[in-house]
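Undergrad: what's the 3D shape of this:
(4 chains, ligands or ions: 2)
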Amino acid sequence: MKSLETHLRAQRAAGVKSLVPYFMAGLTPDWVQHVHAAVAGGASAVEIGLPFSDPMIDGVVIQEAGLRSLASGTTFDTTCSALGDQELAVPLVAMTYYNIFHHYGLRASARRLQDAGISGTIVPDLSVEEAEPWREACHDGDVSTVFLVAPSTPPERVIRIVAMSEGFVYASARMAVTGQAETVGDAPDVVARVRDACDLPVLAGIGIATPALAHEAAQSADGVIVGTALVRRILDGASPLDTERAVAEFRRALA
Amino acid sequence: MKSLETHLRAQRAAGVKSLVPYFMAGLTPDWVQHVHAAVAGGASAVEIGLPFSDPMIDGVVIQEAGLRSLASGTTFDTTCSALGDQELAVPLVAMTYYNIFHHYGLRASARRLQDAGISGTIVPDLSVEEAEPWREACHDGDVSTVFLVAPSTPPERVIRIVAMSEGFVYASARMAVTGQAETVGDAPDVVARVRDACDLPVLAGIGIATPALAHEAAQSADGVIVGTALVRRILDGASPLDTERAVAEFRRALA
Amino acid sequence: MAEQREFMTAPDEFGRFGDFGGRFVPEALMPACLELEEAFQDAWADPDFLAEYEGVLSEFAGRPTPVTFLQRLSESLGLRIYAKREDLAHTGSHKINNVVGQTLLTARMGKSRVIAETGAGQHGVATATAAARMGLECTVFMGEVDTKRQELNVFRMELLGATVVPVTSGSRTLKDAVNEALREWVSCVDTTHYCLGSVMGPHPFPWMVREMQSIIGREAARQLRDLRVGVPDYVVACVGGGSNAAGIFAGFANTGARLIGVEAAGGAAISHGTPGVLHGMRSHIIQDEFGQIEEAHSISAGLDYPGIGPEHAYLSAIGRATYVSVGDEPIIGALRTLSELEGIIPALESAHAVAWLIREAGREIPHGSSVLLNLSGRGDKDVAQVLSILRGAS
Amino acid sequence: MAEQREFMTAPDEFGRFGDFGGRFVPEALMPACLELEEAFQDAWADPDFLAEYEGVLSEFAGRPTPVTFLQRLSESLGLRIYAKREDLAHTGSHKINNVVGQTLLTARMGKSRVIAETGAGQHGVATATAAARMGLECTVFMGEVDTKRQELNVFRMELLGATVVPVTSGSRTLKDAVNEALREWVSCVDTTHYCLGSVMGPHPFPWMVREMQSIIGREAARQLRDLRVGVPDYVVACVGGGSNAAGIFAGFANTGARLIGVEAAGGAAISHGTPGVLHGMRSHIIQDEFGQIEEAHSISAGLDYPGIGPEHAYLSAIGRATYVSVGDEPIIGALRTLSELEGIIPALESAHAVAWLIREAGREIPHGSSVLLNLSGRGDKDVAQVLSILRGAS
Ligand SMILES: Cc1ncc(COP(=O)(O)O)c(C=O)c1O
Ligand SMILES: Cc1ncc(COP(=O)(O)O)c(C=O)c1O
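TA: Numbering: from 1, shown residues only, chains lettered A, B, ... in the order given. Ligands and ions are numbered 1, 2, ... in the order given. Predicted coordinates:
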């Protein structure tokens, strides 16, 4: 079992809901401090966005963050270098689009991630049908490949996806791109369907914008992923301390 | 024999070349004075243009004169009224497009012309094929219908045209609209072809812009028609006295 | 077959349809008109020429154009409406049919150049197109006002190798462009054919252009037979000079179909004009009390003509066809309706026929009637104008 | 027949053409892609559906489009050039073939709405057109930059009842419009079909769109047989996403004809790109050293795309087709040449294929060769741009 799964299973066993905040690599000069702040605020793991020019499943906030980050020269390498120097108490999961790894080379990417201490990836445009080469590239190391289940995913596909997913299963709360929503959407239903199919930790994400929604989603899920709500604050000028407080608020809501 | 032909034959018999200047009715408030001046200058007859909105065989000068005249309210009636009051020693020939008479009524037009002392018409868009109704309307009175022969007219048509033409035959000096030219063009040839076909007086026109050209054209023709050269002067502000002098110059060249 | 036809046969030897038509041109042009008449008659009786003409229309110009059943418009109006799709012909309207024929005839007559008049530019573009293909020189006369309103069409003609001459005489619009083309023709008639754009002008133009457009009606008649519609109750076309209407009427003149020509109210020579003589023909003309020709005014440049082809004046006089008129107001609405319901943006000209259908469905036209609508052209050329009208209105 | 074909057969079960293609989309869209694949396969095997598709293409969209022998261009280049006239199809390009098929499929799937991306507006106008005819709701995503450059096309879509959404993300051009359409699709996939405009995107789009465009090649092959040209030496088409090229290549893939795709130098995914994953497919993509997608830059908006359909990447890899590129400079000249010699103003996209012919006649292409040129669209949409370029240059 790769370390990401071990970690999250341990949280679940301990009765702790997992909280996975998302940050866009390179968005601000102090972006790494936000990652530390999130850990300090109670994150169970941190999702690191590697910016891509054409983020087709991201809403406007994360699009904007990605463009800003790209404009300041962020690359896969600069991100890994920045993270490789850090000591972080929780797992890191890279979120990006497949072309970044495809272009860098699959084995080279897997190695680079591992060297940087990143133990998982979420690649939303990498369907299970296309994932074999990437899974193989990651096979020998400790980089887990997380897959999403969507509200539209039919039962047969849920089985297939959870069979491939490592670390946890990402339960998409709604048919939508990343953003801030006012309900937990289909999260309970999707989580239930994933649970029927496997025993992996299941984290709900997409639109979980407030501590209250996180609390509600975590009634069924083993945890939540919170992206846009935090990135929005950073775009608006939030400091690492602000981030720590915001994450802590989510953590309290999950308690 | 209608009076126009009688008059022109008499000139020819007397060894006098006919000179027929053209004036646009209503072009200036004193336009009738220009007609008198032309007679004083030695005109054998005067061609009176009745303005028409769409003068398809006229060049820019006469077009402009026509539009100005129309803008000042000239109509067939106002023209006839103005002329009806005059005592003029030479025949008047109305030049216009067929729609003017067609709209006024053919018989009514013929009567109105005659009442105004106009003894001929030149209607360039009235082909011999279409002329029967007009000729019939003019039959009982003393209004002659003059037809044109063009450089392009083949011999059979020359015969047909001269057989219909009354007063004189208008020998078109060139394949062109009214205007000022630098040669007599095809005038000698057209005149010769008309002469071969009939004994009517033959007057050359279209582009006879200078006394020298009039002189040259009259070597073969029985006379000339001078339009644009005189109208151009009036558009530029010539007085009746100027017109008289200009006509006199043409007259001298024909002596 | 010619013997059985009662309507829309050839005119008499003077080019007259009843009291209308004829040949009212300066003597300088008469020989050219006679030559053209003879050349046309000869060509039109020559199977090789006809084959070439039809070949070019099918291989170059995209004929046959389809007949499209307008299902959604039909449902909304309670009619069965079939559209003859001249909008799909090369250059975007029926005008190409005529110019293909005339440019072939030009070459057959040994002439190397064509001239043409144009209003909005459709006939000019079509002529420039056919001339380019045939390697003929081409000069297009266009009112100066129109060259400014239709700058892009001027440029299209230039791209096609034509020279566009802005006409600054008279009202500087279509009728003056005709005058200017006639003036030019006088001076170059030996080498140049005047490629007139509608069923107007002196004989043989009204007849020749109708014949060259009658392919519309012949195709449509066959297509409606194939669709098992047979003879429609109504055949409806817009009328500027009248060539698209004449072309489609020709296929149905000797059937029981009611023929309807839709004029623009501001250029409605039959509805508002009187008999007169203009541009070489006797027909209905919009003129003032003194016989001066009036300017036409329509939202659609192609219907902005104060006359109408003489055969239409005749068909109206004998009651074989009916001419109605539609003002500018409903035209944009009709264009939008056809666009939204059928995915076809019609030319503003053609939208007049649509507007009449919308107005009269269930009134003049009983519900359930079958209608053949001639969609004479596409609206791409008009989109900028429509946009500026709608913007101005809002 | 399918058994005999070696090239341009169906992709494998994952939608791959060799190493290219596939289905790289968010899981939320996978069920829709699978549903579409099944619906397409089912429809495409259903004679009733095929009859309806072909019926709409012929009765509504003007198919078959003619093949025109370009006599004067042929003489000037020392070749025998035949043009397939997609410029005569309804809405002015081959794009209509695809959207007619996809909108019929949309209705068959019980969906009531389509969305589409568009660059210059051709595919958007085509989609809005077909949607109007079918009574489907239609939303078109268009980069904000393009909505300003192509204001009239925006208005055409609106006239056709579509909603045009300006895309303000990324570079605000075509590739961002695709992203935005995909984002929208995620949120409405139950009721909405994404009507993609070229042989790109996730499986089954590249295959389905090629099949829906292959009518071009099938018609052309038959027409060249009828003209006794048989199989041409070359088949030449411009390539943006690659749908018109795929459509015409499909008719000749299993003959000896050389297949040539002409890319715009500024968007030449095969000539200047490398394998990558974008918009749901693995193909050749123009990208920087970090795998970020670069903006394409071409004089013709329709070729302004940093990718290419995966089947072209495959045909290039196996050597069955050759991809060349032409810069912006000769394009206007090529457009003028075709206009002046043949009376056909081509789309700037199609002018790339013409420019390549002009450049290579007597060089890459031996004198005397027969060439089938796909004239993918008409240039009316481009005339204003050409005018401003020529004005700027003078
Ligand atoms: C599309 C279209 N329809 C109709 C007309 C009117 O001409 P006609 O009455 O000769 O068909 C024009 C003239 O330009 C036109 O462009
Ligand atoms: C006329 C024309 N040709 C070609 C193209 C390029 O698309 P494709 O390569 O899919 O044929 C376009 C795209 O808009 C187009 O409008």
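
Undergrad: can you tell me the closest non-neighbouring residue to C:Cys188?
TA: Distance criterion C-beta to C-beta, 6 or more residues apart in numbering or on different chains; nearest residue to C:Cys188, sequence neighbours excluded, is C:Arg113 at 7.2 Å. To be clear about C-beta, it is placed using only N, CA and C from the backbone, and glycine gets the same treatment.

Undergrad: same thing with A:Thr121?
TA: Spatial nearest neighbour of A:Thr121, chain neighbours left out: A:Ala94 (4.9 Å); criterion: C-beta to C-beta, 6+ apart.

Undergrad: and the one you found, how close does it get to chain B?
TA: As judged by C-beta to the nearest C-beta, to the nearest Å, A:Ala94 and chain B stand 80 Å apart.

Undergrad: please determine how far the closest residue to A:Thr153 other than its chain neighbours is located from chain B.
TA: Spatial nearest neighbour of A:Thr153, chain neighbours left out: D:Glu27 (5.9 Å); criterion: C-beta to C-beta, 6+ apart. Separation of D:Glu27 from chain B (C-beta to the nearest C-beta): 73 Å.

Undergrad: next, the residue nearest to A:Thr121: phi, psi?
TA: For A:Ala94, the backbone dihedrals (degrees, to the nearest 10) come out as phi -80, psi 130.

Undergrad: for C:His90, see how far away it is.
TA: As judged by C-beta to C-beta, to the nearest Å, A:Ala94 and C:His90 stand 56 Å apart.

Undergrad: still on that earlier bit, pretty sure the residue nearest to A:Thr153 sits against A:Ala150.
TA: Yes. Using C-beta atoms under 8 Å, D:Glu27 is in contact with A:Ala150, at 4.6 Å.

Undergrad: quick check: neighbours shared by those two?
TA: The contact sets of D:Glu27 and A:Ala150 overlap at A:Ser172 (C-beta atoms under 8 Å, 6 or more residues apart in numbering or on different chains).

Undergrad: which ones are touching the residue nearest to A:Thr121?
TA: Neighbours of A:Ala94 in contact, by C-beta under 8 Å, 6+ apart: A:47-50, A:79, A:113, A:118, A:120-122.

Undergrad: how about these in TSV, adding secondary structure, distance to C:Arg258 and pLDDT?
TA: Below are those laid out as TSV (DSSP: H, G, I helix; E, B strand; the rest coil; distance: C-beta to C-beta, whole Å; pLDDT from 0 to 100):
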residue	secondary structure	distance to C:Arg258	pLDDT
A:Glu47	strand	73	98
A:Ile48	strand	75	98
A:Gly49	strand	70	98
A:Leu50	coil	71	98
A:Thr79	helix	76	98
A:Leu113	helix	78	98
A:Ile118	strand	79	98
A:Gly120	strand	77	98
A:Thr121	strand	73	98
A:Ile122	strand	70	98
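
Undergrad: which element, helix or strand, includes C:Ile216?
TA: Using DSSP states H and E, C:Ile216 falls within helix C:205-226.

Undergrad: tilt between the helix or strand just after that helix and helix C:205-226?
TA: In the C-terminal direction, the helix or strand that comes right after helix C:205-226 (DSSP H and E) is strand C:234-239. Angle, strand C:234-239 to helix C:205-226, by axes from the mean of the first three to the mean of the last three C-alpha atoms, to 10 degrees: 140 degrees.

Undergrad: and strand C:234-239, does that touch ligand 1?
TA: Yes. Applying C-beta under 6 Å from any ligand atom, one finds strand C:234-239 touching ligand 1 at C:238-239.

Undergrad: do stretch C:320-337 and chain D meet?
TA: Yes. With C-beta under 8 Å from any C-beta of the partner chain as the criterion, chain D is reached by stretch C:320-337 at C:335-336.

Undergrad: and that stretch, is it in reach of ligand 1?
TA: No. Using C-beta under 6 Å from any ligand atom, stretch C:320-337 stays clear of ligand 1, with a minimum separation of 11.6 Å.

Undergrad: now the residue nearest to C:Cys188: how far from C:Val56?
TA: 19 Å.

Undergrad: which one's more surrounded, these two?
TA: Looking at C:Arg113 and C:Val56 with other C-beta atoms under 10 Å in any protein chain shown, you find the greater number of neighbours at C:Val56, namely 20 against 16.

Undergrad: for the more buried one, list the residues it contacts.
TA: Listed by C-beta under 8 Å, 6+ apart, the contact partners of C:Val56 are C:100, C:104, C:133.

Undergrad: whichever strand or helix holds it: which residues count as buried?
TA: Take DSSP H and E as the rule and C:Val56 turns out to sit in helix C:47-59. Going by neighbour count (16 or more other C-beta atoms under 10 Å in any protein chain shown), the buried part of helix C:47-59 is C:49, C:52-53, C:56-57, C:59.

Undergrad: sorry, back to before: ok, and of the contacts of C:Val56, which contact chain D?
TA: Answer for the contacts of C:Val56 near chain D (C-beta under 8 Å from any C-beta): C:Arg133.

Undergrad: in strands, which of the contacts of C:Val56 fall?
TA: Residues of the contacts of C:Val56 located in strands (DSSP state E): none.

Undergrad: quick check: of the contacts of C:Val56, which lies closest to B:Arg12?
TA: Nearest to B:Arg12 out of these is C:Leu104 (C-beta to C-beta; 49.8 Å).

Undergrad: tell me the pLDDT of the closest one.
TA: In this model, C:Leu104 is scored at 98, pLDDT.

Undergrad: do C:Gln4 as well
TA: For C:Gln4, pLDDT reads 52.

Undergrad: just C:Gln150 next, same as before
TA: At C:Gln150, the model reports a pLDDT of 89.

Undergrad: what does A:Asp85 give?
TA: Note on A:Asp85: pLDDT of 87.

Undergrad: cool, the one 5 residues further on as well?
TA: A:Val90 carries a pLDDT score of 98 in this model.

Undergrad: the helix or strand where A:Glu5 lies packs against which elements?
TA: In this structure, A:Glu5 sits in helix A:3-13 according to DSSP H and E. Counting contacts by 3 or more C-beta pairs under 8 Å, 6 or more residues apart in numbering or on different chains; DSSP states H and E, helix A:3-13 packs against strand A:18-24, strand A:118-122, strand A:144-149.

Undergrad: do you have the strands of the stretch 1-150 of chain C handy? List them.
TA: Per DSSP state E, counting those that start in this stretch, the stretch 1-150 of chain C carries strands over the ranges C:16-17, C:20-21, C:67-69, C:80-85, C:113-118, C:137-143.

Undergrad: residue in the stretch 151-255 of chain A nearest to chain C?
TA: Nearest to chain C, among the residues of the stretch 151-255 of chain A, is A:Met175, at 29.3 Å (C-beta to the nearest C-beta).

Undergrad: tell me what the residue nearest to C:Gly124 when sequence neighbours are not counted is bridged to.
TA: Using C-beta to C-beta, 6+ apart and skipping residues adjacent in sequence, the residue nearest C:Gly124 is C:Thr118, 3.1 Å away. Per DSSP bridges, the residues bridged to C:Thr118 are C:Met142.
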